[in-house]
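>>> Structure, please.
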Amino acid sequence: MNHYRLIIFLVFASVLTAACTNSPERVRPDPDASPCYIIYDAGSSATRLFIYQETTTGWLMHKGPQTGALSDPIRRTRGKSMSDANNTISDVLIALDNIRRTGPPDKDGELQWTAFDWQLHCSTLAAVVYATAGMRLAEKQDARNSALLWTKLNERLSEKLGVSVTTRTLTEYEEGLYSWLALRELREDGNFGVAEMGGASLQVTFPCPSCEDAPKVRVKGRTMAVFGHSFLGWGQDEAWRRFGGSLACSWGAGLKVPNWSVDDCEKAIVGFSTASAGITGLVEDSGDLKWYLTSAFSYMQSTDIDYFCRRGINSGFEPESSCFRAIYLEKVLDTLALPTTYELSDVNWTLGAVVCSATQCLETQ
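So this is what the prediction gives:
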């Protein structure tokens with residue numbers, strides 16, 4: 001009998017030890033820890049971690065590691081399938097551990113991120129994973145597996161953090177609004193518009209008091225009408241998949257096609273003028289607004305078409321599509337009739353999401 005009791009005790013002890021070992025390690029924050037928002041930008045090409053720390057002068061951003069796109073297993077892009085879903089989710093969770101240590105240098109020798117021990121320095125107000133247009137396309141393509149991935153991610157991230165988390169796809173309006181709100185934090189007034197070029201969609205957002213269907217948004221203590229429109233499927237990566245097969249849009253096209261011109265590539269990019277007709281009119285009627293270009297737009301250089309199309313210079317980033325992207329971005333801006341006095345901005349929309357959450361910007365009724 002004693003022998004069997006010993007066996008039972010050892011089995012129970014091993015199960016208990018395994019349970020303790022598998023429980024996520026949690027560190028108590030410092031007594032003077034700052035309020036923080038943990039937010040993932042689950043984009044069409046990658047998932048990026050940001051932690052925003054509230055300070056007396058505003059929100060301090062800590063940029064973390066970049067992992068694979070959540071939509072890849074669902075859309076079966078970049079060689080992924082649903083068999084990779086668990087690994088994709090694991091990478092998202094591991095990013096929270098890796099941000100506590102300084103990241104490796106990039107190809108230019110710059111550190112990819114600086115260590116921030118959020119477990120010690122943060123009192124977490126919220127933790128969210130917000131997906132953008134890539135996941136909207138995934139949900140249209142495969143709603144069942146999209147829901148399954150969201151459920152698994154929510155369960156595992158909630159368990160790791162020990163708090164309730166939000167994991168969902170942003171609406172088309174939210175995606176553009178958050179970019180606008182992020183820039184609003186850096187300006188004295190709200191008299192400006194934002195055009196944001198992503199991988200799967202394009203957003204145009206600006207204040208529009210005369211737009212009857214423009215949602216009311218709480219901004220800096222007052223309510224204002226902010227119009228927003230998203231062009232799903234017109235992001236630069238999706239456009240490359242649809243139109244990039246033309247030789248006239250290929251990398252170094254000027255070296256391959258006799259008497260090549262930009263028009264040769266533009267003729268292959270069809271449909272955007274029709275898709276944007278109504279929005280172009282609103283932009284033209286928006287008055288004397290300052291315009292900012294963000295996301296992929298912010299990397300534009302005046303030499304891009306000459307370098308990547310006419311001369312075939314390696315861009316250092318996805319060179320095969322570099323000529324197409326240079327022409328496509330310019331064509332979109334011309335079609336939308338944005339003023340040529342625009343400014344480029346590298347502000348990230350996740351700041352706007354944090355500001356909206358903190359101020360309940362969409363709860364104006």
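>>> In this structure, where is pLDDT below threshold?
Filtered on pLDDT under 70, the chain yields the residue ranges 1-27, 365.
>>> Mark out where each domain of it begins and ends.
Using automatic domain parsing, the domain parsing of the chain gives 34-169, 175-349.
>>> could you redo these as a markdown table and give each row mean neighbour count?
Every residue, glycine included, has its C-beta placed from N, CA and C. Shown next, in a markdown table, are the domains of the chain (neighbours: other CB atoms under 10 Å):
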| stretch | mean neighbour count |
| --- | --- |
| domain 34-169 | 18 |
| domain 175-349 | 18 |
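>>> With distance to residue 364 added, can I get the ones you listed in TSV?
Formatted as TSV, those follow (distance: least, CB to CB, whole Å):
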stretch	distance to residue 364
domain 34-169	20
domain 175-349	5
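>>> of all the ones you listed, which lies closest to residue 361?
When those are compared by CB to CB, domain 175-349 sits nearest residue 361, at 4.7 Å.
>>> First residue to last residue on that closest one, what's the distance there?
From its first residue to its last, domain 175-349 covers 8 Å (CA to CA, to the nearest Å).
>>> Would you agree residue 363 is in contact with residue 216?
No. If you go by CB atoms under 8 Å, residue 363 and residue 216 don't touch, sitting 10.1 Å apart.
>>> so where do the helices sit in the stretch 201-350 of the chain?
236-243, 253-256, 262-266, 272-275, 277-284, 304, 322-336, 349-359 (DSSP state H, counting those that start in this stretch).
>>> Could you check the angle the first one makes with helix 322-336?
Translated: helix 236-243. Calculated by axes from the mean of the first three to the mean of the last three CA atoms, to 10 degrees, helix 236-243 forms an angle of 100 degrees with helix 322-336.
>>> now for helix 236-243, which elements pack on it?
Applying 3 or more CB pairs under 8 Å, 6 or more residues apart in numbering; DSSP states H and E, one finds that helix 236-243 contacts helix 322-336.
>>> would you put the C-alpha positions of the helix it packs on in PDB?
Output of helix 322-336 as PDB, limited to C-alpha atoms (Å, rounded to 0.1, in the frame of the first residue of the first chain):
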ATOM      1  CA  SER A 322      10.800  49.300 -56.800                       C
ATOM      2  CA  CYS A 323      10.100  50.800 -60.200                       C
ATOM      3  CA  PHE A 324       6.400  50.000 -60.000                       C
ATOM      4  CA  ARG A 325       6.000  51.400 -56.500                       C
ATOM      5  CA  ALA A 326       7.700  54.600 -57.500                       C
ATOM      6  CA  ILE A 327       5.300  55.200 -60.400                       C
ATOM      7  CA  TYR A 328       2.300  53.900 -58.500                       C
ATOM      8  CA  LEU A 329       2.700  56.200 -55.600                       C
ATOM      9  CA  GLU A 330       3.000  59.200 -57.800                       C
ATOM     10  CA  LYS A 331       0.000  58.200 -59.900                       C
ATOM     11  CA  VAL A 332      -2.200  57.800 -56.800                       C
ATOM     12  CA  LEU A 333      -1.200  61.300 -55.600                       C
ATOM     13  CA  ASP A 334      -1.900  62.800 -58.900                       C
ATOM     14  CA  THR A 335      -5.300  61.100 -59.200                       C
ATOM     15  CA  LEU A 336      -6.400  62.200 -55.800                       C
END
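>>> Point out the other helices and strands that it packs with.
Here helix 322-336 touches strand 192-197, helix 236-243, helix 262-266, helix 272-275, helix 277-284, helix 304, going by 3+ CB pairs under 8 Å, 6+ apart.
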